[in-house]
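Novice: Dropping the sequence and predicted coords here.
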Amino acid sequence: MRRKIRNITQKDIDTILTIKGWIKSIRSSKKFSFIAINDGSCFNSLQIIVDSNIDNYENIISQLSTGASISATGKIVKSPGKEQSFEMQATEIKIIGECDPETYPLQKKRHSFEFLRTIAHLRPRTNTIGAVARVRNALSFATHKFFQENGFLYVNTPIITAADCEGAGEMFKVTTLDQNNLPKNDKNQVDYTKDFFGRPSYLTVSGQLEGETYACALSDIYTFGPTFRAENSNTSRHLAEFWMIEPEMAFADLNKNMECAEKYIQYCLEYVLEKCPQDMEFFNKFISKGIIEKLKNVINNPFEKLEYTKAIEILKNSKKKFEFPIEWGKDLQSEHERYLAEEYFKKPVIVYNYPAEIKSFYMRTNDDGKTVAAMDVLVEGVGEIIGGSQREERLEILEKKTDKIGLNKKDYWWYLELRKYGSVPHSGFGLGFERLVQFVTGMENVRDVIPFPRYPGHCEF
Ligand code: 4AD
Ligand code: MG
């Protein structure tokens, strides 16, 4: 039976095991060969020593090269080397899939992340992308664990929707109409009554509005699903397809929301440090020096909380030359967010009570009439990782706001009705999952923390 490398321990010394995986590197001589095998179950490879006295040595060795898949059977022994505590003395090597060394693009040298994106089908075999995949997996499990342990119900909200939650018009249209022969109405506009759903429909930008309906029946819920935004931004933190976690809590105000966001992030970091020590050591050493210490600080210190108005004061008083000048009423740009988290407070910052004008229609209006109960969590290296708010639960005020921005009330009738039948104060937020993976690993580009990134002009694989 095959044993995964992750599960080999000191206790296996002197026993005979079979492992299967891909060759990371191989050094051969007439007398023996050293092969490093990785099966992705953990960061470390297992070193295999093949003695020339095994059957068919020359022939086998001639077919082995980096990238080939093999099965190896042999005794686990204590390793004299410093790098690993044990290794395998192989008695049998079987070649499962050869790998042409002339054309295999992953040679032992370092490749740039830009290049690796062009071979996204092979890049999970590299140290970095493999480690990212394991950390991403752990973060996703930690997410479910955190919410489940705290009594939240996992809800699946629709991927195809007619509602533009963020009202930013950044939605991908979903249609089955023949693009070369579009049906037209008498105003010469496309006639969507002839389309699949009988109305214009889109890929969701957020499951929040639907999530709210479940929170207003089941109390605490969360979603964790793919989200789509057709924003034409080519930055290191934007994707056209990303994953979002959206908790929503009934009978909860903005403070409770902020508290939940802080606890959730801290829980995730703790979980990864505990479950992925080898991967995190790698990021600490080669990708972002000191990241482990940074994460520990985030776990052990409360987040800074300050009102938007105060944040603007700090930014204006800083001697920094920002590309986008800042003043009250303007939205924070990435450079401002990062200044606050990285330079000024040197820890995660929650900015709250933003001007109503720059935030979404569903956020609760504060008593001052000018600001809304919104909050963003800003972290080092990434900027905004979470956006959330207390929701407007008062029908009249919500209707005024939808009118003001020209939302068609008919399209949102169900959302408005929630405010008519047993309305309650409720709050929630959305965390961009890729930004969390970026934050934890210290990876610079969001395109390298999702297996197959989608961004303008890129839909390969
Ligand atoms: O701030 P956003 O737009 O908030 C919402 O969508 C709310 N409906 C969430 C809620 O209250 N339930 O997005 C939430 C988070 C951002 O803070 C960011 O981390 C991430 O989603 N995000 C993106 N991540 C990658 N690529 C993009 N294009 C992103 N846009 C937002
Ligand atoms: Mg936001």
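Specialist: Here it is on my side, so go on. Ligands and ions are numbered 1, 2, ... in the order given.
Novice: need the contact list for the residue nearest to Arg394 when sequence neighbours are not counted.
Specialist: Computed as Cβ to Cβ, 6 or more residues apart in numbering, the closest residue to Arg394 that is not its neighbour in sequence is Arg419, at 6.8 Å. Bear in mind the C-beta positions are built from the backbone N, C-alpha and C, glycine included. Contact analysis of Arg419 by Cβ atoms under 8 Å, 6 or more residues apart in numbering lists Glu392, Glu393, Arg394, Leu395, Leu398.
Novice: again, 6 Å this time
Specialist: Glu393, Leu395, Leu398 (Cβ atoms under 6 Å, 6 or more residues apart in numbering).
Novice: State the distance from it to Thr213.
Specialist: 11 Å (Cβ to Cβ, to the nearest Å).
Novice: before we move on, what about His121?
Specialist: 40 Å.
Novice: Same question for Tyr222.
Specialist: Shown here: Tyr222 relative to Thr213, a distance of 14 Å by Cβ to Cβ.
Novice: again, but for Tyr344
Specialist: Plainly put, Tyr344 is 39 Å away from Thr213 if you go by Cβ to Cβ.
Novice: Same check on Phe324?
Specialist: On the measure of Cβ to Cβ, Phe324 and Thr213 end up 37 Å apart.
Novice: higher neighbour count, the two?
Specialist: Applying other Cβ atoms under 10 Å to Phe324 and Thr213 shows that Thr213 carries more neighbours, namely 17 against 11.
Novice: which residues does the more buried one contact?
Specialist: Taking Cβ under 6 Å, 6+ apart as the test, what Thr213 contacts is Leu418.
Novice: tell me which element it is part of?
Specialist: Using DSSP states H and E, the element containing Thr213 is helix 208-218.
Novice: Flag every buried residue along that helix.
Specialist: Gln208, Leu209, Glu210, Gly211, Glu212, Thr213, Tyr214, Ala215, Cys216 (16 or more other Cβ atoms under 10 Å).
Novice: nearest to ligand 1, of those residues?
Specialist: Gln208 (3.7 Å; Cβ to the nearest ligand atom).
Novice: The closest one and Glu384, how far apart?
Specialist: Note on Gln208: its distance to Glu384, by Cβ to Cβ, is 16 Å.
Novice: Kindly report the same for Ile96.
Specialist: Taking Cβ to Cβ, one finds Ile96 at 45 Å from Glu384.
Novice: what's next to stretch 294-314, contact-wise?
Specialist: So stretch 294-314 is in contact with 262, 266, 269-270, 328, 345, 347-351, 353-354, going by Cβ under 6 Å, 6+ apart.
Novice: Can you pick out the ones from those that are in strands?
Specialist: The members of the contacts of stretch 294-314 that map onto strands under DSSP state E are Val349, Ile350, Val351, Asn353, Tyr354.
Novice: send the alpha carbons of stretch 58-74 over as CSV?
Specialist: Provided in CSV are the C-alpha atoms of stretch 58-74 (Å, rounded to 0.1, in the frame of the first residue of the first chain):
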residue,chain,number,x,y,z
GLU,A,58,21.3,1.4,-15.3
ASN,A,59,18.1,1.0,-17.3
ILE,A,60,15.9,2.5,-14.5
ILE,A,61,18.1,5.4,-13.8
SER,A,62,18.3,6.3,-17.5
GLN,A,63,14.6,6.8,-17.6
LEU,A,64,14.3,9.0,-14.5
SER,A,65,14.3,12.8,-14.7
THR,A,66,12.8,15.7,-12.9
GLY,A,67,9.1,15.7,-13.2
ALA,A,68,8.7,11.9,-13.8
SER,A,69,6.3,10.0,-11.5
ILE,A,70,7.5,6.9,-9.8
SER,A,71,6.8,4.5,-7.1
ALA,A,72,9.6,3.6,-4.7
THR,A,73,9.7,0.8,-2.1
GLY,A,74,12.3,0.4,0.5
